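Participant: Structure for the following, please:
(2 chains)
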There are 2 protein chains.
Amino acid sequence: MQGKRAADSLGLAAVAKRAGLSTATVSNALNRPQIVAPKTRAKVMAAIAELQFVPNRSASALRNGVGRMVGLLVPDILNPFYAAIAKAVGESARRNEYVLALCVSGDDPEVESEHIRVLAEQRAAGAIVVPLAADDTRLNHLRLVGAHPVLVDRHWQVDDGCSVMIDDVEGGRLAVRHLLETTDGNILVVNGSGDIPQCADRSRGARKALEIHGSSSSRLTEIELDEMTIEAGRVAVEAIDLDEVTGIFATNDQLAVGCIRALEAKGKHCPGDVAVVGYGDLALASEAITPLTTVRQPTDVLGRIAFDVLLDEIERPSGHRHQSTLLDPKLVLRDSAP
Amino acid sequence: MQGKRAADSLGLAAVAKRAGLSTATVSNALNRPQIVAPKTRAKVMAAIAELQFVPNRSASALRNGVGRMVGLLVPDILNPFYAAIAKAVGESARRNEYVLALCVSGDDPEVESEHIRVLAEQRAAGAIVVPLAADDTRLNHLRLVGAHPVLVDRHWQVDDGCSVMIDDVEGGRLAVRHLLETTDGNILVVNGSGDIPQCADRSRGARKALEIHGSSSSRLTEIELDEMTIEAGRVAVEAIDLDEVTGIFATNDQLAVGCIRALEAKGKHCPGDVAVVGYGDLALASEAITPLTTVRQPTDVLGRIAFDVLLDEIERPSGHRHQSTLLDPKLVLRDSAP
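Facilitator: Below you'll find the predicted structure:
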C-alpha cells in the first residue's frame, strides 16, 4: 500500500521541483541522457534518490529474508493448457504482490535444470512446477535454499510436497459414460501413448465407465497413436473399420477434430452415425465446424489452488501441512455428441 | 558458470556428510521438517550454509546495483501472438541468465499500472512492454528507478526509447498483391476496427498494393467488424453480395476461416471461386479444413531483438542509442489462395 501511494504521487514534476529543473530537462535526463550534461543528470538522480518515491522491495525483501518472487516452470507456453495455468497463477501472484518468474523448459531436461538453478540462485520464495519427468531430485535444489516447490499436473507422495492435479480418470469416465448413455454400439478410444500418465489415466477412466455401465469389455476398442494431432487422428480413423462403432472418445481435441474429418471422408455423419467426444476444451473445440463435446479441465482453479498452497507453505512455515489436490474435470456438451 | 558448477556438485550426500547425518535425515529435514527434531534441522541448515552451494545472485546483484530480472508485460498470455513473444523473450533471457517476470494486464489499464509499479519496486533491470495505450507516461515509473522499457508491437518516437514492431502495412500489401496477381475480379477486405492501429495499417497496405498494381480503387471494398472472430467473419460475409469478388483479404486467421465457411454456405468454392488470405499464421491456419494462405509474423525474431536492444540499453549505458526496428512479415502459401 505504501508502495502504491508512493507510485501514485510520483511524477516528473516532483523530481523537477526537487532538482530545481524543468520537467522537460528531467524527462530528457531519463529518456535521452546523451543530450543532457552529466552535471544535470547527476542533479536529477540525486533528486530521485532524495524523494525515494519507489520503495526498493527487492532490498527490503532481502533484509527480511523473504523474497517476493515465485517461479512457474512449464514445458511449453504456446500450449494453451499451460498458458491458461500461467494466466491463473499470474493473477494470484499479482493479487498477493509476488513477481512471477516464467520459466519454459521447451521439453528439454537440461533447460529445466538450468531454470531450477537460476530460481534457487535468485532465492525464489517458491516455484510451481510442471516437471518433465517424475524424478524430483532436482527440485531439492530449491528446498536446499528454502524455496518451496509445488507440483502441478504431476503426482507426488504427499510427504514430498504439495501437488495439484486434474483427475484424468474421472475425465475419461465422464466422456465414455456420456457415449454409453447416448449411443448403442461400440466405443472406439483414440488415444496417445500409454506411457503418458494422462493418456493412461483417460484410458482407465474409459474402462471404468464401461464397467459401471455393466457393459462387456468387448464393446470398447482402443488405439494408441504416436502423435496427438488432427492429421494423426484423421489418418488413423480413416484406416479403421467403424461398422459397429457409434461413439469415439478422442483423448484430446485435436484428435477429435481429426476423427470427425475421417468420418466425413467415409461418408458418415457426426453425431448422427458416430458421436465424438474430445478432451481439453481448447479454442478449437468451440471453433470447429462441428463444435466438440469435450472434457474441460479447470485450469483457472488449478492455477489458483497451486498458488494458494504455495503461499501457505511460504508464509506459514510451522502451520503448513503438505496436501495433494485432485480436481474434477467437467463434460461440456456441444454438437459432436449432444 | 560458478553457479552451475556449484549446482552440479550439489547433493544431499554432501550436506549429510558435512552435518554428520544420514541422507535420509537431511531429506526429511527439508521435505518433512515436522518429523525432524529442531536440533537436527538446525544442523542441516548450518551445513547448507557452510557449503554455500548455491550462490545468492539476488544478494550479489543488489550489492552491485545490477538486477538480473526483466519484466515482460503483455495484454493476454492465451493469445498465441503474445505467447510466442513470451517464448522467444524467455529463451533470450535464459541464455543471458536473466529471470523473466511475466506480467499479464488482461486488457486492464489499472492492472497494467500495478505491474509497472511492482517491476519498479523490485528494481527490474528493464521491461519489454506491449502497452494497452500509446500513453507512455506510466513507463516513466520504470525509468525513474533506472529500469529500461522497450516497446513491442507499438510505436515510440526513437528519442523516447527502443521499440520493435512488425510492419503491418507491408503485411497488408503482401496479402493483396498476391490476390491481385492470382485472381482477376474484385477484392474484399474483411477487417477489424480502423481504431486498432494494426487494422488501420493492414488496410493501408491493401490499398498500397492496389496502387502499385495500377488497379482502380473501385476494385477494393472494405468492411469493418467489431469482433474479429470466426463467427463474426462468417455472418458478415454471408450477408454480402460477392458476385464480382474473386479474392478476400481477412486481417486475421479467425476471420479468414469464417469467410471460407460463408463461401461454402453460399455454394462457392475456395479457392476456385474466391481465394482467401488470412493474417497471423496461427495453428488454426494450418489446421483448417482448407489450410490458409496467410501472413506470418516473425514473433521469434521480434522477441529476440526486443531482448537484444534491452540488454544493450541495460549493459552499455553510455554506448547505447535508442532504435526503432520494423520487421517484415512473410506470406505463407497454402490451399486457400495458392
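Participant: could you point out which element follows the strand or helix carrying residue A:304?
Facilitator: According to DSSP states H and E, residue A:304 maps onto helix A:299-315. Beyond helix A:299-315 on the C-terminal side, the first helix or strand identified by DSSP H and E is strand A:324-327.
Participant: Can you spell out which helices and strands pack onto that next one?
Facilitator: If you count contacts as 3 or more CB pairs under 8 Å, 6 or more residues apart in numbering or on different chains; DSSP states H and E, strand A:324-327 packs onto strand A:162-166, helix A:299-315. C-beta here means a position set from N, CA and C on the backbone, and glycine is covered the same way.
Participant: Reformat the ones you listed as a markdown table; add mean neighbour count, distance to chain B and mean pLDDT.
Facilitator: Shown next, in a markdown table, are these (neighbours: other CB atoms under 10 Å in any protein chain shown; distance: least, CB to the nearest CB, whole Å; pLDDT from 0 to 100):
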| stretch | mean neighbour count | distance to chain B | mean pLDDT |
| --- | --- | --- | --- |
| strand A:162-166 | 24 | 11 | 94 |
| helix A:299-315 | 21 | 10 | 95 |
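Participant: send the alpha carbons of the strand or helix carrying residue A:181 over as PDB?
Facilitator: With elements taken from DSSP H and E, the one containing residue A:181 is helix A:168-182. Output of helix A:168-182 as PDB, limited to C-alpha atoms (Å, rounded to 0.1, in the frame of the first residue of the first chain):
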ATOM      1  CA  ASP A 168      -8.000 -37.600 -15.700                       C
ATOM      2  CA  VAL A 169      -9.500 -41.000 -14.800                       C
ATOM      3  CA  GLU A 170     -12.700 -39.100 -13.900                       C
ATOM      4  CA  GLY A 171     -12.400 -37.200 -17.200                       C
ATOM      5  CA  GLY A 172     -12.200 -40.400 -19.200                       C
ATOM      6  CA  ARG A 173     -15.100 -41.800 -17.200                       C
ATOM      7  CA  LEU A 174     -17.300 -38.800 -17.900                       C
ATOM      8  CA  ALA A 175     -16.600 -38.900 -21.700                       C
ATOM      9  CA  VAL A 176     -17.300 -42.600 -22.100                       C
ATOM     10  CA  ARG A 177     -20.300 -42.600 -19.800                       C
ATOM     11  CA  HIS A 178     -21.900 -40.000 -22.000                       C
ATOM     12  CA  LEU A 179     -21.300 -42.000 -25.100                       C
ATOM     13  CA  LEU A 180     -22.700 -45.200 -23.400                       C
ATOM     14  CA  GLU A 181     -25.800 -43.300 -22.400                       C
ATOM     15  CA  THR A 182     -26.500 -41.700 -25.800                       C
END
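Participant: What lies in contact with whichever helix or strand comes after that helix?
Facilitator: Toward the C-terminal end, the helix or strand that comes next after helix A:168-182 (DSSP H and E) is strand A:186-191. Defining contact as CB atoms under 8 Å, 6 or more residues apart in numbering or on different chains, one finds that strand A:186-191 is touched by A:176, A:179-180, A:199, A:202-203, A:206, A:210, A:219-225, A:233, A:236-237, A:240, A:242, A:244-251, A:255-256, A:259.
Participant: Could you give the average pLDDT over strand A:186-191?
Facilitator: Strand A:186-191 carries an average pLDDT of 97.
Participant: So which other helices or strands are in contact with the helix or strand just after it?
Facilitator: Downstream of strand A:186-191, the next assigned helix or strand under DSSP H and E is helix A:197-213. Packed against helix A:197-213 by the contact rule (3+ CB pairs under 8 Å, 6+ apart) you find helix A:168-182, strand A:186-191, strand A:220-224.
Participant: can you rerun that using 6 Å?
Facilitator: Counting contacts by 3 or more CB pairs under 6 Å, 6 or more residues apart in numbering or on different chains; DSSP states H and E, helix A:197-213 is packed against helix A:168-182, strand A:186-191.
Participant: where does the last one sit relative to the chain's centre, distance-wise?
Facilitator: Computed by CA atoms, centre = their mean, to the nearest Å, the separation of strand A:186-191 from the middle of its chain amounts to 27 Å.
Participant: With the longest one instead?
Facilitator: Relative to its parent chain, helix A:168-182 has a centroid offset of 23 Å by CA atoms, centre = their mean.
Participant: Not counting its own residues, what contacts that helix?
Facilitator: Helix A:168-182 is touched from outside by A:187, A:198, A:201-202, A:204-206, A:208-209, A:213, A:247, A:249, A:277, A:295, A:328-329, A:331, with contacts defined as CB atoms under 6 Å, 6 or more residues apart in numbering or on different chains.
Participant: Pull out the buried residues from that helix.
Facilitator: Neighbour-count burial for helix A:168-182, with 16 or more other CB atoms under 10 Å in any protein chain shown as criterion, is recorded at A:168-180, A:182.
Participant: Do a quick rundown of the helices in the stretch 1-150 of chain A.
Facilitator: A:2-9, A:12-19, A:23-31, A:38-51, A:57-64, A:80-95, A:109-121, A:140-144 (DSSP state H, counting those that start in this stretch).
Participant: Let me know whether the last one sits next to chain B.
Facilitator: The reference is to helix A:140-144. Yes - Helix A:140-144 lies within reach of chain B by CB under 6 Å from any CB of the partner chain, at A:143, A:144.
Participant: And stretch A:217-229, by the same measure?
Facilitator: No - interface with chain B: stretch A:217-229 contributes nothing (CB under 6 Å from any CB), its closest point being 8.4 Å away.
Participant: So if we follow the domain assignment, how does chain A break up?
Facilitator: A:2-55, A:67-163+A:300-327, A:168-296 (automatic domain parsing).
Participant: got these as JSON lines, with distance to residue B:291 columns?
Facilitator: As requested, the domains of chain A are exported to JSON lines (distance: least, CB to CB, whole Å):
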{"stretch": "domain A:2-55", "distance to residue B:291": "46"}
{"stretch": "domain A:67-163+A:300-327", "distance to residue B:291": "19"}
{"stretch": "domain A:168-296", "distance to residue B:291": "11"}
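Participant: closest to residue B:322 out of those?
Facilitator: In terms of CB to CB, the element of the domains of chain A nearest to residue B:322 is domain A:2-55, at 7.7 Å.
Participant: and that closest one, what's its mean pLDDT?
Facilitator: Per-residue pLDDT over domain A:2-55 has a mean of 69.
Participant: Low-confidence ranges, the stretch 201-338 of chain A, go.
Facilitator: Nowhere does the stretch 201-338 of chain A drop to pLDDT under 70.
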